[in-house]
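**Q** I'll drop the sequence and a predicted model, then ask my questions.
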Amino acid sequence: MSSVTEPPGLDTQRREVEALLQGSELRAGGSWYMVERRWYDQWKEFVETGDQNSSSFPGQIDNSELFEDQDSYHLKDRLVENEDFMLVPAEAWRKLLAWYGLVEGQPALERKVVDLPSTLKVEIYPVEVYLCLHSNMDTVITARFSRADRIHSLQEVMCREFSVQQGAECRLWMKSSDTSCERLRNVHVSVLEACLTSGMTVIMEMRNADGTWPSSKPQIMRCSVEDQEYRGQPGVCGLSNLGNTCFMNSALQCLSNTPPLTEYFLRSAYLEELNFTNPLGMKGEIAEAFADVIKQMWSGRHHSVVPRIFKTKVGHFASQFLGYQQHDSQELLSFLLDGLHEDLNRVKNKEYIELRDAGGRPDQEVAEEAWRNHLRRNDSVIVDTFHGLFKSTLVCPECHKVSVTFDPFCYLSVPLPVSKDRVMEVFFVSLDPKEKPFQYRLLVPKAGKVSDLCSALAQLINIPAKQMVVTDVFNHRFYKIYQADEALSCILDRDDIFVYELSRGVGGGEEVNQDEEVVLGLYLRERSHYRDYGSGSSSYGTSLFGHPLLLSVPRTLCTQEGLYPLLLQRLERYVRPRDPSEEVEEEEEEEEEEVFKTQTNGISDDEEGEENGETAGPSQTGDGQAVSQPDATALTTPPSDGNNAQPSLDSSSEETSNHSSAASTSSASSSANANASGETIASSHASASTSHASTSQASTSHVSSSPASSSPASGGAVAAAGETAEEDKQEEACSPIPAANEQQGRRKSCRKKRRSLFSIQAVNSNGTTERGMGEGGLAFSFTSQPYVAIDWDPDMKKTYYNENEAEKYTKHSSMDESQQQMSVQLQECIQLFTTTETLEEDNPWYCPVCKLHQLATKKLDLWGLPEVLIIHLKRFSYNKFSREKLDSLVHFPLRDLDFSDCLLRKKLTNGEPPSRYDLIAVSNHYGGLRDGHYTSYSRNKDNGQWYYYDDSKVTFATEDQIVTNAAYLLFYHRQDKIRHPAAPSPAASHAPSPDITSCSSQEAEQGGAACVTMETD
């Protein structure tokens, strides 16, 4: 019972209380008290009588009629104001309580004023919720909270009721009746704003010692007992690659080893600074997800962490990072720093600030004003750690107006000097058929043309450039045949470039009519042993092998009779000629019949005779006559060498479907999709040529390059059996059926023919045959870039084709000359960043004096540097004409990077140079423009040891391994802010052996025994 003071006169009581009732207004969060209507009416009657001894004396304040029972003091339902109770303001309640007291045991019925949509109202019935811990869902307590109470006060009640250890990091979930749970992220909002209603359950969970949350699925690579007992160096933890997420892992490892940022999250300082109302932020979700990753990595209890939740959050707020495509680690870092800043921005309401030009004022004054204005809108741990200030000076070329502004930056993107030349490796195929291909390394201009490549090669081999044809070979075929005036920028470094010497100039000389000579593309194909009956046809499949050839052939020799000896001589280095003793006539009828059964429909006239009943007349000239000329050297025009040897080059070529050949197929009336690989070269004439390939059995076995020299063409372009089936149908449709009485004569004629090594067919640029190729059995008709294929029977190929010899090549001395890699000092890149430049046409500056957009000159200077300086090396160069990655070696110091020479503001802070930095992390990129891999080097803040992070692999690193041409992002920590690490902690049971302190990146990737790798399953 409250102590009662001597009340004033009755009239005074009435005036004071009535004045408070009339003068008090409802204010959100204010307190009002419930008084039972019967007691209030009796009190009012008592004070109005003016008699202290009146029988209407109300006595102590009694609210018994408002409760369901006197034990729980739970309010009755559906109580009505002014009928069942009266509401009095807090000051009036305190006076009544002091004058009359309260019945012993009864609680004061304080009620809060809540701000409902469009109205203020006293909350009669508070929210009644159930409270429990995630670790013990059976123990539930009931509590009542006003809708105006903050979630933080609810959390304090739970910590007190459940005896939660002080300082433990907690988070709350609210669970509705349908068992769905939702995070109560913002503890600074009210119960009403959090949509917490009566009957809901609030669950509290505490973060585990390993940085995870009990309610989350384990985000570690393995959950064995051994892993649960793992104790390692905090921060030395890998990140699992979720699928092309190495760019994210590399950036996260660098930020994880940035001491001021990591310590900020480890001590949970971010919880008090989460900004849930910033429209530019992510409602605190990015900051929370990043904190979870950092705390798991620095718990010292994981070999590797799976950042799946973080990846999902990033993709949710930045759609460009959705999915599992490759991205740029600098782009992710830029988004992440900006997202963390906005999520942790201490400025809740950003004011509008009008920027002023310098107007001739001193730089110091303008810079301080710009920094103050920046902090008025942006104030976070990211600003404290990473933001600096540079001076921007623009000069109008017309009126010479000078505009000076000071702008903040989060990282420095410094350019790299761009070389005007590039190194290209090519293979040169000589006219001499006995000479192996030569591999050359050439220095050509980046903005040059294909003719410049030929000229550079001509200086080494003394062959006119006009007799060279430059090609790109892919999957055993010509992906593209380049013209002399095409730009070299369309040739990638990984392309396999072959340069062929032709007997005549590409454009033709005055004495040679271009119509009299054809540049012929030659493919090698192998046929399968078996027919493909699955597609409804009985055709054979073929597969390309080896390297294509390019040779100049007189048009008069574009016949099967003329091409066979020419091609045989062209291949003489690795195709063994047939001995006279081997060129026996076929006498056994059974063997002949077997040959008929295994030949492709339309491949030879023998088979046409067998299946269609054709007869080869004695006057017909065909492949059989070509075979009857064993002396291939009898031709007057010597064929050029077509060695297709090639060393091991980049095997990561593009898919064939992505290539578009520059040369179209001759007489190709149908689409390339209708290609068939088994079609004969013979036309539909009845006098088809006699077969020279009676044993050219089809084969589906793919002959790849020699294992010793993995060729880029070893992928194999297999002409599918379905295509051959379609071709079989086409051939049957266009080939006439010979008379039945000619069949026997044809078979007898075949017995007198000698077997050739291969057969010849006209094909398209993909190496497949289309309907209409070849007009007549004697000659080929080409209307554009011609291609032919020689088809090998597997047995003949095995006997006469020397695959190892075909793959051989010779390295020119230029390959042994060490190409001096372009190297540059980091300070040179920074100086290049501060060099005066002229704005581009698509980015002019509006001059306030000229009132026009001008191509002004711009100069950037460093004014103030942050505690942690991120330097982005702009390795990816893009312009209107080309795109490339610069692999220049940038020499950057690991210690004592001094900006004194390029920093405008020169002040000493506490006697320490304000511009001296030490390296703490490096993000590396290996590969080219279209693909690559990211790793990182980072220095642990606790033990000072360098580590190499390759996704889930973590290995020791030494300082001499860090400076490479793969360095992409550099993280520097200012020396006056560096906290020198204590002595390294003793190696844990699962930590690497301390006597092994280094491991190369290649060994790290291979997990070799030479290094200790903290790798997970």
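**A** Yes, it's here. Residues are numbered from 1 along each chain as shown.
**Q** Which pLDDT value goes with the residue most central in space within the chain?
**A** Computing the C-alpha centroid of the chain and ranking residues by CA atoms, centre = their mean puts residue 326 first, at 1.4 Å. For residue 326, the pLDDT comes out at 89.
**Q** ok, it - contacts?
**A** 244, 247, 931, 932 (CB atoms under 8 Å, 6 or more residues apart in numbering). C-beta here means a position set from N, CA and C on the backbone, and glycine is covered the same way.
**Q** Same check on residue 895?
**A** 918, 919.
**Q** same thing but 7 Å
**A** If you count contacts by CB atoms under 7 Å, 6 or more residues apart in numbering, residue 895 has them with residue 918.
**Q** where's it relative to residue 370, distance?
**A** Distance, residue 895 to residue 370, using CB to CB, to the nearest Å: 31 Å.
**Q** List the buried residues in stretch 189-206.
**A** Neighbour-count burial for stretch 189-206 flags 189-192, 194, 196, 200-206 (criterion: 16 or more other CB atoms under 10 Å).
**Q** In this structure residue 757 contacts residue 795, no?
**A** No - Residue 757 lies out of contact with residue 795 (CB atoms under 7 Å); the separation is 10.9 Å.
**Q** Can you tell me the SS state at residue 288?
**A** Counting by DSSP: H, G, I helix; E, B strand; the rest coil, the backbone at residue 288 sits in helix.
**Q** should've said residue 408
**A** Residue 408 ends up strand, using three-state DSSP.
**Q** Let me know the secondary structure of the spatially closest residue to residue 919 that is not a sequence neighbour.
**A** Among residues not flanking residue 919 along the chain, residue 894 sits closest, at 4.6 Å (CB to CB, 6 or more residues apart in numbering). Look at residue 894: counting by three-state DSSP, its state is coil.
**Q** Now do the phi/psi pair for residue 894.
**A** phi -80, psi -20 (degrees, to the nearest 10).
**Q** ok now do it, which residues does it touch?
**A** Counting by CB under 7 Å, 6+ apart, the residues that residue 894 touches are 919, 959, 962.
**Q** Could you report the pLDDT at it?
**A** According to the model, residue 894 scores 94 on pLDDT.
**Q** Also residue 508?
**A** The confidence metric pLDDT takes the value 41 at residue 508.
**Q** And for residue 701?
**A** pLDDT for residue 701: 36.
**Q** Now intersect the contacts of residue 894 with the helices, please.
**A** Judged by DSSP state H, helices contain none of those.
**Q** Please list only the buried members of those.
**A** 919, 962.
**Q** Put together CSV for the contacts of residue 894, with distance to residue 133 and pLDDT on each row.
**A** Formatted as CSV, those follow (distance: CB to CB, whole Å; pLDDT from 0 to 100):
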residue, distance to residue 133, pLDDT
919, 45, 95
959, 49, 93
962, 47, 94
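**Q** rewinding a little: Three-state assignment for the residue nearest to the centre of the chain, please.
**A** Quick answer, by three-state DSSP: residue 326 is coil.
**Q** what about it, distance to residue 887?
**A** In terms of CB to CB, residue 326 sits 18 Å off from residue 887.
**Q** do residue 294 as well
**A** Per CB to CB, residue 294 is found 33 Å from residue 887.
**Q** Who has more neighbours out of those two?
**A** Between residue 294 and residue 887, counting by other CB atoms under 10 Å, residue 294 is the more crowded of the two (24 against 16).
**Q** ok, residues contacting the helix or strand hosting that one?
**A** Residue 294 is part of helix 285-297 when elements are defined by DSSP states H and E. By CB under 7 Å, 6+ apart, the surrounding residues in contact with helix 285-297 are 210-212, 219, 235, 237, 252, 256, 262, 265-266, 270, 274, 302, 305, 307, 309-310, 313, 317, 339-340, 343-344.
**Q** so of those, which ones are in strands?
**A** Of the contacts of helix 285-297, the ones assigned to strands by DSSP state E are residue 305.
**Q** now, which of the contacts of helix 285-297 lie within helices?
**A** Among the contacts of helix 285-297, the members found in helices (DSSP H) are 252, 256, 262, 265, 266, 309, 310, 313, 317, 339, 340, 343.
**Q** Looking at those, point me to the pair that's furthest apart.
**A** 266 and 317 (23.7 Å; CB to CB).
**Q** what about the helices in the stretch 701-850 of the chain?
**A** 721-734, 743-750, 794-800, 803-806, 813-816, 826-833 (DSSP state H, counting those that start in this stretch).
**Q** Those: lowest mean pLDDT?
**A** Across those, helix 721-734 has the smallest mean pLDDT, namely a mean of 40.
**Q** Tell me if I'm right that residue 963 and residue 919 touch.
**A** No - taking contacts as CB under 7 Å, residue 963 lies outside contact range of residue 919: 9.4 Å.
**Q** Give me the distance between residue 312 and residue 304.
**A** According to CB to CB, residue 312 and residue 304 sit 18 Å apart.
**Q** between the two, which one's more packed in?
**A** Set residue 312 next to residue 304 and count neighbours by other CB under 10 Å: residue 304 wins out with 26 against 13.
**Q** so that one makes contact with residue 240?
**A** Yes - taking contacts as CB under 7 Å, residue 304 lies within contact range of residue 240: 5.6 Å.
**Q** Give the full set of residues in contact with residue 276.
**A** Here residue 276 is in contact with 185, 186, 283, 284 (CB under 7 Å, 6+ apart).
**Q** Show me those that map onto helices.
**A** Among the contacts of residue 276, no member lies in helices (by DSSP H).
**Q** If you rank those residues by neighbours, which is first?
**A** When neighbours are counted by other CB under 10 Å, residue 284 leads those with 22 neighbours.
**Q** pLDDT score assigned to the closest residue to it other than its chain neighbours?
**A** Spatial nearest neighbour of residue 284, chain neighbours left out: residue 274 (4.1 Å); criterion: CB to CB, 6+ apart. Listed pLDDT for residue 274 reads 91.
**Q** from the buried residues of stretch 189-206, which ones fall inside helices?
**A** In helices, judged by DSSP H, none of these are found.
**Q** Name the nearest of the residues you listed relative to residue 352.
**A** Set against residue 352, the nearest of the buried residues of stretch 189-206 by CB to CB is residue 189 (26.3 Å).
**Q** Excluding sequence neighbours, find me the nearest residue to the closest one.
**A** Nearest one to residue 189, counting by CB to CB, 6+ apart, is residue 151 at 6.0 Å.
**Q** dump the residue contacts of that neighbour.
**A** By CB under 7 Å, 6+ apart, the contact list for residue 151 reads 172, 184, 187, 189, 191, 194.
**Q** Next one: it relative to residue 132, how far apart?
**A** Separation of residue 151 from residue 132 (CB to CB): 16 Å.
**Q** what's around residue 83, how many residues?
**A** The burial count for residue 83: 8, using other CB under 10 Å.
**Q** which stretches of the stretch 101-250 of the chain have low pLDDT?
**A** Along the stretch 101-250 of the chain, segments meeting pLDDT under 70 span 178, 217-228.
**Q** now do 90
**A** For the stretch 101-250 of the chain, residues meeting the criterion pLDDT under 90 lie at 103-107, 110-128, 134-139, 142-150, 152, 160-169, 171, 173-200, 206-232.
**Q** Next: the stretch 451-600 of the chain.
**A** The model of the stretch 451-600 of the chain has pLDDT under 90 over residues 459-463, 466-467, 485, 487-495, 502-520, 526-543, 547, 550-600.
**Q** If we use 80, what do you get?
**A** 504-516, 529-540, 578-600 (pLDDT under 80).
**Q** what does stretch 333-349 rub up against?
**A** By CB under 7 Å, 6+ apart, the residues outside stretch 333-349 that reach it are 251, 270, 273-275, 277-278, 280-282, 284, 286-287, 290, 317-318, 377-383, 386, 410, 969.
**Q** so residue 460 is in which element?
**A** Using DSSP H and E, the element containing residue 460 is helix 450-461.
**Q** Pull out the buried residues from that helix.
**A** Buried positions in helix 450-461, judged by neighbour count with 16+ other CB under 10 Å: 450, 451, 452, 453, 454, 455, 456, 457, 458.
**Q** Quick check: the farthest pair among these?
**A** Greatest spatial distance in these: 450 and 458, 12.6 Å, computed using CB to CB.
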